[in-house]
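# sequence first, predicted coordinates after that:
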Amino acid sequence: MKYTLNCPPPCKYTINVDAQNDDEAIRKILEKGKEHAKEAHPDMAPMTEDQMKEMVRANMKRAA
Ligand SMILES: [Zn+2]
């Protein structure tokens, strides 16, 4: 299954991953998201791993 997570505007960056289930998707999105955040959002407020996971879980979208 495909999962996507859109960065909040004005960023417009979209993270796409392939995963078997929600937990795997969250893990993969987190990995990619960290790289992106380092490059694009160096000033972003620091979040704990749990906060990031919750953020991803609440905002990611699953495509069939
Ligand atoms: Zn972004």
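That came through fine. Because the structure is predicted, anything quoted here is derived from the model rather than measured.

# what parts of the protein come near the ion?
Proximity of the chain to the ion (CB under 5 Å from the ion) is limited to residues C7, C11, Y13, A40. C-beta: built from backbone N, CA, C; applies to glycine.

# which of those residues are buried? Put it as a ChimeraX command.
To isolate the buried ones among the residues of the chain next to the ion in ChimeraX, judged by 16 or more other CB atoms under 10 Å, type:
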select :7
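
# quick one: what helix or strand has P8 in it?
P8 is part of no helix or strand, with elements assigned from DSSP states H and E.

# can you give me the neighbour number for it?
Counted with other CB atoms under 10 Å, the neighbours of P8 add up to 10.

# mind checking how far the spatially most central residue of the chain is from Q51?
The residue lying closest to the centre of the chain (CA atoms, centre = their mean) is I29, at 4.2 Å. Note on I29: its distance to Q51, by CB to CB, to the nearest Å, is 14 Å.

# that older thread, turn the residues of the chain next to the ion into a markdown table, including pLDDT and secondary structure.
Listed next are the residues of the chain next to the ion as a markdown table, based on pLDDT from 0 to 100; DSSP: H, G, I helix; E, B strand; the rest coil:
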| residue | pLDDT | secondary structure |
| --- | --- | --- |
| C7 | 91 | coil |
| C11 | 93 | coil |
| Y13 | 95 | coil |
| A40 | 94 | helix |
